[in-house]
Each structure stands twice: as structure tokens, then as C-alpha cells.
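Undergrad: Provided below for reference: sequence and predicted model.
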Amino acid sequence: MAWFYLFVAGLMEIGWALGLKYTEGFTRLVPTALTVSAMVASVALLGLALKTLPIGTAYAVWSGIGAVGTAALGIALFGDPATVGRLACIGLIVAGIVGLKLVG
């Protein structure tokens, strides 16, 4: 169950990172409320996962899911650059997440 909590926490991390774009500096009420809710849910689920997972593994996977998802959606939704170097670096993060899952 801890890995499931961690995965959902990572998804919430993506949600709040993208949500920051829509808050327009926390001046829009609904996007701000949703973003803050995603932040709280992300940290709460990470906390649940930490009951059984090692802190280093859990934090790295959580932040990695957030980083990869946010980067990918930045490319898809906001036209962020999708250069070979950028995609290769995203691939390295994915490899690290998979590696940590396999050993931890």
C-alpha cells in the first residue's frame, strides 16, 4: 500500500506544480484552493508512505514523479522545449525512479 500512496502523492505533486501556473500568483481563488489542496494531499500521502518505506527512497521517487510529470505536461500543455538533451535528462530521472523501486 505504501507504494500506492507514494505514487498518488507524486501525482498530487504534479497537480500542485502545474496548479501554481494557474493561480496567477495566488490571485485566483479556485486554482489557489485546488493547488493548496493538492499540496496538502501530496505531503499527507508521502507521510503515509514513509511509515514503511525508507525516507531516501520515498522522497527521491516522490520528487522524481513530480519532476517527470511536470516536465512532460509542461511540454504538452505549455509548449516547453522538448529537446533531445531535455528528454534524455527526463529519461535519466525515470531510470532512477525505476531503479529505486527495484532495490527499495
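TA: Sure, I can see it.
Undergrad: Residue 34 is in contact with residue 19, correct?
TA: Yes: the pair residue 19 / residue 34 is scored as a contact, 5.7 Å apart, by C-beta atoms under 8 Å. Where C-beta positions appear, they are placed from N, C-alpha and C, glycine not excepted.
Undergrad: ok, the two, which is more surrounded?
TA: A direct count of neighbours by other C-beta atoms under 10 Å for residue 19 and residue 34 places residue 19 higher, at 19 against 16.
Undergrad: For the more buried one, which non-adjacent residue is closest in space?
TA: Distance criterion C-beta to C-beta, 6 or more residues apart in numbering; nearest residue to residue 19, sequence neighbours excluded, is residue 35 at 3.3 Å.
Undergrad: SS state for the one you found?
TA: When classified by DSSP: H, G, I helix; E, B strand; the rest coil, residue 35 comes out as helix.
Undergrad: can I assume it is in contact with residue 21?
TA: No: using C-beta under 8 Å, residue 35 is not in contact with residue 21; the gap is 9.2 Å.
Undergrad: Can you check what pLDDT the model gives the residue nearest in space to the middle of the chain?
TA: In the chain, the C-alpha nearest the mean C-alpha coordinate belongs to residue 66, at 1.6 Å (C-alpha atoms, centre = their mean). Looking at residue 66, its pLDDT stands at 96.
Undergrad: What sits closest to it if chain neighbours are left out?
TA: Distances taken as C-beta to C-beta, 6+ apart put residue 13 closest to residue 66, at 3.2 Å, once the chain neighbours are dropped.
Undergrad: So the one you found versus residue 60, what's the distance?
TA: Computed with C-beta to C-beta, to the nearest Å, the distance linking residue 13 and residue 60 is 12 Å.
Undergrad: neighbour-wise, which of the two wins?
TA: Counted by other C-beta under 10 Å, residue 13 and residue 60 do not tie: residue 13 has more neighbours, with 25 against 17.
Undergrad: what comes up buried for the least confident helix or strand in the chain by mean pLDDT?
TA: Least confident helix or strand, the chain: helix 84-103 with a mean of 93, by mean pLDDT, DSSP states H and E. For helix 84-103, a neighbour-count test (16 or more other C-beta atoms under 10 Å) marks 90, 93, 97, 100 as buried.
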